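Trainee: build me a model from this:
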Amino acid sequence: MYRSYKEFNGYSTAFRQWRADSHCRYVHGYAIHFKVWFEGELDERNWVCDFGCFKRNGIKDMLKEMFDHTTIVADDDPYLDRFIEMANSDLIQLRTMSDVGCEKFAEWVFNAVNEAIQLETDGRVNVYKVQCWEHSENMAEYYGKQAN
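Mentor: Presented below is the predicted three-dimensional model:
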């Protein structure tokens, strides 16, 4: 079994964690980035995965659509209707998730990229873990169910 990883950078994301008892309950943002570890047997080129596939199979576009210059709020945010109004007024690019924060962003990326990479490699490669970095000091990671 081999591992490799790829970084995905350049996502300016605003979000609100409405359940927080701190300043995180306010809309705030970071230039977030992801580190994604892949695990599997080597292919005929001796690669775990072809990093060119991320553009070819739409992973980069999917991450950009979800996280680049977007505002992400929870599906149950008490002010969701106001965020929808701002989106309808073309003030924000609204995305919703069941829960919001780096831990949940890492889980979302894990699931989305894992599905795409398994299709790309006919199941030979899985995502091992994903880290979501807010900046150089804050990070959360998600391993999923198949981690060792």
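Trainee: in this structure Val100 contacts Thr13, no?
Mentor: No. At 10.0 Å, Val100 does not count as touching Thr13 under the criterion of Cβ atoms under 8 Å. For the C-beta atoms, the positions are set from N, CA and C on the backbone; glycine is no exception.
Trainee: in three-state terms, label the residue nearest the centre of the chain for me.
Mentor: Geometric centre of the chain, nearest residue: Val109, 3.4 Å, by Cα atoms, centre = their mean. What DSSP: H, G, I helix; E, B strand; the rest coil gives for Val109 is helix.
Trainee: what separates it from Thr70, distance-wise?
Mentor: 14 Å (Cβ to Cβ, to the nearest Å).
Trainee: how near is the residue nearest to the centre of the chain to Lys6?
Mentor: As judged by Cβ to Cβ, Val109 and Lys6 stand 11 Å apart.
Trainee: spit out the residues that contact these two alike.
Mentor: With contacts taken as Cβ atoms under 8 Å, 6 or more residues apart in numbering, Val109 and Lys6 have Val36 as neighbours in common.
Trainee: following element in sequence after the helix or strand of the chain with the lowest mean pLDDT, please.
Mentor: The helix or strand of the chain with the poorest confidence is helix 53-56; it has a mean of 85 (mean pLDDT, DSSP states H and E). Once the chain leaves helix 53-56, the next helix or strand it forms, by DSSP states H and E, is helix 59-67.
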